[in-house]
Structures are given as C-alpha cells and as structure tokens.
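Student: Need coordinates for the below:
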Amino acid sequence: PSSASGGASGRALRGPAVSAAPQWSLACSSPPRSHPACPGRLLLAASRSSQAGRAGAMGGPSKSPGPVWQNHELRFDVAPAEFLPRLGEVEIDSINSVEDTKGNNGERGSLSITNLRLLWCSHKSTKVNLSVGLDTISKLKIRPVQSKLRGNTQALYVMAFFELVKYEFIFTSLVNASPRLFTTVMAVHRAYDTSKLYRELKLRGAIIRDQDLKTLPDEQVYERVSGVWNLSSDQGNLGTFFVTNIRLVWFANLANNFNVSIPYLQIESLRVKDSKFGVAIVVKTTKSQGGYVLGFRMDPPDRLQRTFEMINNLFELFVKNPNFGVRFSYDEAPRPLEQVTIRRVEEDAAIVEDYEDTFPVARGREAYVADDSGAASASAAAEAKEGSLGPVAVYNADLGCAVQPLPPGATAASLWTLVASSGPVTSS
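Tutor: Numbers count the residues shown, from 1 in each chain. So this is what the prediction gives:
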C-alpha cells in the first residue's frame with residue numbers, strides 16, 4: 001500500500017506519536033508518573049496490559065465497541081472504573097502536584113493529560129475528581145489567581161461548554177517555576193483540535209488534490225477503487241473510492257469538492273445490502289455524526305465483495321487499536337553534569353618566534369589598498385610592507401602641527417588657496 005505521513009509540529013515529546021497536521025509537539029523531561037493516592041491513575045497505567053487481551057478477544061462481525069464519551073463529555077466525581085483508558089486512549093503526561101483552585105481551593109491533587117481528556121484527582125479522596133473531554137474545551141488561557149497553597153500565582157484557566165452550560169476550571173501548578181502544566185495542556189489541546197479528520201465525518205472538504213487523496217499523518221492508502229457510484233441521490237454519482245487504515249473517502253469525478261470522508265471511528269455498522277440500484281456497500285454512521293446511511297455500488301459484484309472484505313478487515317483492525325489523531329513523543333531526560341562535562345586537555349603547541357615567516361600572507365596587505373594615485377600609494381604600500389599601520393605624520397611649519405605627508409608639489413598654502421578661491425556656496 002502507498003503511505004504518507006504528515007509532520008509538524010512545535011515542541012516534540014519523543015514516544016508514541018501529539019498532533020495531526022499542522023503537527024504540534026510536546027516536551028517532558030520524564031515519562032508520566034502515577035500517584036499512589038489516586039487509584040484512577042494506577043488503573044490508567046495498569047490497564048494498558050488488559051487492553052491487548054480485550055482487543056484480542058474481539059472477533060466476528062465488525063461492530064463499534066460503543067460510543068466514545070471520554071473526549072465529548074464533562075463528568076464530575078466519576079467512579080474509578082471510568083478512569084480506565086478506553087481503547088486507543090494514551091496517557092501523555094501526569095503532573096503530581098496540581099490544585100483545583102476553582103472547586104477545591106487548597107486541596108492538592110494530580111492531573112493526567114491523555115489524548116482525549118484531562119483527569120484531575122484529589123490526593124485526599126479519590127471520590128473527588130474531574131474528567132474534562134478535550135472536545136468540550138473552548139478556550140485556554142493563563143491568568144493570575146489567589147491560591148491557598150501558592151498565594152498569588154499564575155494558573156491555567158480552562159473554559160468548557162457542555163450540554164448548553166459554560167464551565168470554568170482553574171488548575172494551579174504547585175511546582176515552583178515549572179511551566180509544564182501550561183505547555184503540555186495547550187500543546188495537547190492544539191494537537192487535538194487540528195486532527196478532526198481522524199474523528200469526525202467530513203462533507204465537501206478540501207481533502208482531494210489533483211484527483212488524489214491528501215493523506216493524514218500515519219495514514220496508508222490500501223486501495224483506490226474507480227467507477228464507484230454514490231447512491232445518496234436518486235440518479236447516483238460516479239466517482240472514486242479510497243480505502244485507508246483510518247477512513248473511507250469518496251469523491252465525484254466531475255467535481256472534486258463533492259466528497260465525503262468517513263472515519264472508522266464514526267462507523268456504526270458495515271454490510272452489503274440490496275438496493276434499487278443493485279447490491280451495494282451500506283455504511284451507517286453513529287448518531288453523534290448525524291446517523292447517515294451511505295450506499296456505494298460498483299461492478300462487477302465480485303469486485304464489490306472483495307472491496308467490502310478489505311474494508312471490513314481494516315475496520316476490525318481499527319476497532320482493536322483506534323487512532324484518534326493526537327501524536328506525541330517524549331524528550332530525552334537531561335543527562336547528569338558528570339556525563340556532559342568535558343575534561344580539560346593540555347594542548348601540545350610550540351611558540352614560533354619568527355612571526356613573519358610563519359604567516360607570509362600578512363605581507364599581501366598592499367594588494368587591498370584602494371588608492372593608487374602616484375607616490376602616496378607607493379609610500380603607503382612601502383610602509384605597509386615595513387609593518388607600520390599607516391603613513392608617518394610629519395611636522396608642517398606653515399600649520400605648526402604634524403600632518404600626513406602632502407602629495408608631491410602641494411603645499412599647505414596652496415591647499416588653503418584652493419579652498420578660499422572656491423568662494424561661498426549660494427543657492428538661487
């Protein structure tokens with residue numbers, strides 16, 4: 001299959017892949033850590049091994065594992081089981097000392113940032129916690145705040161909107177002079193916000209260029225199928241079908257802007273069904289994306305069956321390991337001072353007394369003299385050869401001071417006569 005990847009950008013966390021194009025990266029000096037007072041954090045780390053078992057147990061017809069609520073909802077005081085990451089959710093960073101200044105001022109807790117949400121848990125009681133989906137966040141900003149644990153300090157304001165209600169969360173880092181809270185949360189949210197094609201159905205988007213698909217980072221095109229009819233209208237539209245590891249894309253041959261991008265994440269069911277146009281591949285999307293039912297037909301029937309089997313297999317693989325489009329990598333931890341210190345080395349160098357013989361290039365200074373008018377230039381060049389910095393000043397009896405040597409045939413009186421004869425400059 002053909003493949004393409006996008007880059008981007010920003011700061012870079014070196015690890016599993018935080019952003020789609022434009023690519024934003026993150027920076028952490030160490031991998032995320034869990035706090036013993038928050039069982040939810042331990043579940044986040046420990047459940048990664050159980051994900052493989054759950055994914056391997058899946059089989060049979062391709063079905064979505066259920067709606068994704070982690071990035072779309074805002075929940076308070078959730079049960080420990082809801083701290084478990086769903087398939088495809090990855091903990092990007094965990095900050096141990098963070099205060100929920102808005103709702104629990106003076107209470108220390110831990111903040112975990114995943115590719116789908118922000119999770120805050122109190123150290124005193126695991127029942128006091130927050131789950132803020134990245135999709136609900138409308139604005140992030142840094143403002144001064146009055147904290148019981150830090151006093152007057154800078155805090156991260158998270159503005160969220162969920163079920164027609166506006167929310168405000170204030171998170172204060174209790175680590176002195178550490179911008180990690182601000183940089184990580186903002187970079188992850190920016191990466192999430194710029195990777196919507198991985199998670200949302202897109203109609204009439206700028207996804208086709210020169211009759212070819214503009215691929216996303218980590219996206220591979222497994223097959224390009226021509227002569228595919230889109231049955232969304234009564235007469236149907238002839239176009240081209242792309243099958244990738246992340247989505248299905250169709251566009252009309254006569255109008256590239258008439259297209260649809262269907263992420264596997266938003267497919268509720270896939271099947272082959274009879275229609276008034278004949279046998280077709282029927283794709284049903286989730287209710288959160290409008291519950292569309294889209295039909296695609298191609299000839300001959302065995303070609304349609306092969307294409308359906310490929311889509312079905314890729315869909316099953318995606319369900320076991322979803323790609324939400326947020327890519328990141330961890331920066332390497334700084335090495336100890338002892339490892340980066342360079343030992344002093346005594347150089348074996350000899351002092352040469354005859355400077356001119358060692359550097360004969362200095363004798364070529366006269367080659368760069370710009371004035372070549374007669375004896376003055378020759379005198380200057382000769383003096384340069386002798387190593388002087390310029391012509392030697394001589395005493396002038398008429399002026400009563402030392403001046404540069406005058407050109408041959410010139411006197412101080414003649415120079416003043418020339419200046420005086422020119423007379424004052426007048427303007428008309």
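Student: need the helices for the stretch 201-350 of the chain, in chain order.
Tutor: Under the criterion DSSP state H, counting those that start in this stretch, helices of the stretch 201-350 of the chain are mapped to 301-320, 337-340.
Student: Please name every helix or strand in contact with the helix or strand containing residue 112.
Tutor: Using DSSP states H and E, residue 112 sits in strand 108-114. With contacts defined as 3 or more C-beta pairs under 8 Å, 6 or more residues apart in numbering; DSSP states H and E, strand 108-114 has these neighbours: helix 39-57, strand 91-100, strand 117-122, helix 180-193. Yep, even glycine has a C-beta here, placed from its N, CA and C like the rest.
Student: Can you flag the weakest of the ones you listed by average pLDDT?
Tutor: Within those, the stretch with the lowest mean pLDDT is helix 39-57, showing a mean of 40.
Student: Go through the next helix-or-strand element following it and flag the buried ones.
Tutor: The first helix or strand that comes after helix 39-57 along the chain, using DSSP H and E, is strand 74-76. By neighbour count, and taking 16 or more other C-beta atoms under 10 Å as the criterion, the buried residues in strand 74-76 are 74, 75.
Student: Contacts for the strand holding residue 112, please.
Tutor: Applying C-beta atoms under 8 Å, 6 or more residues apart in numbering, the external contacts of strand 108-114 come out as 32, 34-35, 37-38, 41, 44, 70, 85, 89-100, 118-124, 128, 149, 171, 174, 181, 184-185, 188.
Student: That strand vs helix 180-193, what angle?
Tutor: Strand 108-114 runs at 30 degrees relative to helix 180-193, counting by axes from the mean of the first three to the mean of the last three C-alpha atoms, to 10 degrees.
Student: so what strands line up beside strand 108-114?
Tutor: In the sheet containing strand 108-114, its partner strands are strand 91-100 (antiparallel), strand 117-122 (antiparallel), by DSSP bridges.
Student: Now that strand: average pLDDT?
Tutor: 94.
Student: Extract the C-alpha set from it and format it as PDB.
Tutor: Listed next in PDB are the C-alpha coordinates belonging to strand 108-114 (Å, rounded to 0.1, in the frame of the first residue of the first chain):
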ATOM      1  CA  ARG A 108      -3.600  19.100  46.300                       C
ATOM      2  CA  GLY A 109      -4.200  16.600  43.600                       C
ATOM      3  CA  SER A 110      -2.800  15.000  40.400                       C
ATOM      4  CA  LEU A 111      -3.600  16.000  36.800                       C
ATOM      5  CA  SER A 112      -3.300  13.500  33.900                       C
ATOM      6  CA  ILE A 113      -3.400  14.500  30.300                       C
ATOM      7  CA  THR A 114      -4.400  12.000  27.700                       C
END
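Student: what's the first-to-last distance across stretch 243-260?
Tutor: Using C-alpha to C-alpha, to the nearest Å, the span of stretch 243-260 from its first residue to its last is 12 Å.
Student: Enumerate the positions of it that are buried.
Tutor: Residues of stretch 243-260 classed as buried by neighbour count (16+ other C-beta under 10 Å): 243-252, 256, 258-260.
Student: Repeat that for stretch 225-239.
Tutor: Neighbour-count burial for stretch 225-239, counted by 16+ other C-beta under 10 Å, picks out 225, 228, 229, 230, 231, 236, 237, 239.
Student: How about stretch 273-287?
Tutor: For stretch 273-287, by 16+ other C-beta under 10 Å, it's 279, 280, 281, 282, 283, 285, 286.
Student: Go ahead and name everything in contact with that stretch.
Tutor: Identification of contacts with stretch 273-287 by C-beta under 8 Å, 6+ apart yields 64, 67, 201, 229, 231, 236, 248, 262, 266-272, 291-297, 301, 304, 307-308, 311.
Student: Using CSV, write down the CA coordinates of it.
Tutor: Coordinates of each C-alpha in stretch 273-287 appear next as CSV, following Å, rounded to 0.1, in the frame of the first residue of the first chain:
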residue,chain,number,x,y,z
LYS,A,273,-27.3,-4.9,1.0
ASP,A,274,-29.7,-4.9,-2.0
SER,A,275,-30.9,-1.5,-3.1
LYS,A,276,-33.0,-0.2,-6.0
PHE,A,277,-29.7,0.3,-7.8
GLY,A,278,-28.5,-3.3,-7.1
VAL,A,279,-26.2,-4.7,-4.5
ALA,A,280,-24.3,-2.0,-2.6
ILE,A,281,-22.0,-1.5,0.4
VAL,A,282,-24.0,0.3,3.1
VAL,A,283,-22.2,2.4,5.7
LYS,A,284,-24.1,3.6,8.8
THR,A,285,-22.5,6.3,10.9
THR,A,286,-23.0,7.0,14.6
LYS,A,287,-25.8,9.2,15.9
